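>>> Give me coordinates for this.
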Amino acid sequence: MFEEVSKNKIKSWVLISLFIIVIGALGWTIGYVYDAPGIGIIAIFFSLLYTAFAYYGGDNMILTMSGAVPASKTEYPHLVNSVEGLAIAAGIPAPKIYVINDSALNAFSTGRDPGHASITVTKGLLDKMDRQELEGVIAHEMSHIKNYDIRFMMLTVVLVGIITLISDFILRSFLWRKKDNNSRSEGGGLVVIFVIVGILLAVLSPFIGKLIQLAVSRQREFLADSNAVILTRYPIGLANALKKIKKDPDPLVDTANRATAHLFISTPFKENKSFITNIFSTHPPIEERIKRLEEM
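Numbers count the residues shown, from 1 in each chain. Have a look, this model is predicted:
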């Protein structure tokens, strides 16, 4: 677990560094398209500001996108008590607690570190889970917080999202803007190489972002399941919770989107059993997770 914490911290800084480099390259490409070289410098400056915003405000952006509202102890006493008790067991500060008014059974955690974290659950989860099942889900999310999964995945949502938007803008610019052949021909072969690299980045950035999510999402779910069992000492609680989630007739979380899907304990969309969909799923098969828990 301590190795995973260290790895996640390193991955976060690597992701930030790559983001700044990619934004700089995309900015240079935009400058080439519009014959404004200064855009590249502006893009790097923007990437630094946006990274700071993502680091300190990305969790609030995700909570707003998800339609999450704070959970009071008066309205949700059992939820608050479960979170506070498991936080003590995990040895971390109690995270903030939010609820999404949705009938789907799901939950997620976000934040930059255990001292600035939150756990969000859907109303459907609270209505359908018994005490042990809810504690299993909360312990799973608490493990993401303690392992610093939340920081890396939060940055993935915000940083990869903006790269995708910029990439799309560049591709549209190349498709619709008339090129000035005279000004382009003066740059020589090196300029052509940089332009080709920029276009490749624009094309591949969304795919690379998806691969980054897949690289950590599946394994981190298994690890969080295992750490949840360490906290609750009761693997069947989480296993039964996952069984209920699997049988949910309406698993779609209305406010979820492709950028935030990997944050949830289970995919917030209706499952598609096709081969391609399974390959690019951000979550491991829920049947495999249940099997591992029942074997503990």
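
>>> Identify the residues contacting the closest residue to Val158 other than its chain neighbours.
By the measure of Cβ to Cβ, 6 or more residues apart in numbering, the closest residue to Val158 outside its immediate chain neighbours is Ala54, 3.9 Å from it. Any C-beta I mention is one placed from the backbone N, CA and C, and that applies to glycine too. When contacts are counted by Cβ atoms under 8 Å, 6 or more residues apart in numbering, Ala54 touches 154-155, 158-159.

>>> which one of these sits closest to Ile245?
Nearest to Ile245 out of those is Met154 (Cβ to Cβ; 22.4 Å).

>>> What score does the closest one have for pLDDT?
For Met154, the model assigns a pLDDT of 81.

>>> Give me the buried positions along the helix or strand where it lies.
Using DSSP states H and E, Met154 falls within helix 149-155. Within helix 149-155, the residues that qualify as buried by neighbour count (16 or more other Cβ atoms under 10 Å) are 149-155.

>>> As TSV, these with distance to Leu134 would be great.
Below are those laid out as TSV (distance: Cβ to Cβ, whole Å):
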residue	distance to Leu134
Asp149	20
Ile150	20
Arg151	25
Phe152	26
Met153	22
Met154	24
Leu155	28
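
>>> tell me the domain ranges of this structure?
2-64+157-213, 70-150+215-294 (automatic domain parsing).

>>> what about Leu159, distance to Leu18?
Leu159 sits at a distance of 9 Å from Leu18 (criterion: Cβ to Cβ, to the nearest Å).

>>> who's more crowded, the two?
Leu159 (25 against 14; other Cβ atoms under 10 Å).

>>> so who does Tyr56 touch?
Contacts of Tyr56 by Cβ under 8 Å, 6+ apart are Arg112.

>>> Kindly tell me how buried the residue lying closest to Ile92 once chain neighbours are set aside is, as a neighbour count.
Leaving aside its chain neighbours, Ile92 sits nearest to Pro114 (4.0 Å; criterion: Cβ to Cβ, 6+ apart). Counted with other Cβ under 10 Å, the neighbours of Pro114 add up to 21.

>>> Against His78, how distant is Pro114?
Taking Cβ to Cβ as the measure, Pro114 falls 23 Å from His78.

>>> neighbouring contacts of stretch 70-78?
Residues outside stretch 70-78 that contact it (Cβ under 8 Å, 6+ apart) are 79-81, 96-99, 126, 131, 134.

>>> Could you rerun that using 6 Å?
Residues from elsewhere that reach stretch 70-78 (Cβ atoms under 6 Å, 6 or more residues apart in numbering): 79-80, 97-99.

>>> for the residues you listed, which one is nearest Ala139?
Leu79 (13.1 Å).

>>> Angles on the backbone of that closest one, please.
Dihedral pair for Leu79: phi -60, psi -50, per degrees, to the nearest 10.

>>> who's in contact with it?
Leu79 neighbours (Cβ under 6 Å, 6+ apart): Ala71.

>>> Same check on Ile265?
107, 140.

>>> For Leu231, give its distance to Lys244.
Leu231 is 20 Å from Lys244, by Cβ to Cβ.

>>> who's more crowded, these two?
Using other Cβ under 10 Å as the criterion, Leu231 and Lys244 rank with Leu231 on top: 22 against 16.

>>> wait, isn't that one in contact with Glu141?
No - with contact defined as Cβ atoms under 6 Å, Leu231 does not reach Glu141; the gap is 10.6 Å.

>>> those strands in this structure, which residues are they?
With DSSP state E as the criterion, the chain has strands at 69-70, 96-100, 107-113, 116-122.

>>> Those strands: lowest mean pLDDT?
Taking the mean pLDDT of the strands of the chain, strand 107-113 comes last: a mean of 93.

>>> Contacts for that strand, please.
Residues outside strand 107-113 that contact it (Cβ under 6 Å, 6+ apart) are 55, 59, 62, 117-121, 125, 137, 141, 144-145, 150-151, 154, 263-265.

>>> List the buried residues for it?
Using 16+ other Cβ under 10 Å as the test for burial, strand 107-113 gives 107-112.

>>> Make CSV from these and add distance to Lys73 to it.
Listed next are the buried residues of strand 107-113 as CSV, based on distance: Cβ to Cβ, whole Å:
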residue, distance to Lys73
Ala107, 18
Phe108, 21
Ser109, 19
Thr110, 21
Gly111, 20
Arg112, 25
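
>>> Tell me which two of those residues sit farthest apart.
Ala107 and Arg112 (19.0 Å).

>>> pretty sure Met82 contacts Val137?
If you look again at residue 82, you'll see it is Ser, not Met. No - counting by Cβ under 6 Å, Ser82 does not reach Val137; the two are 9.2 Å apart.
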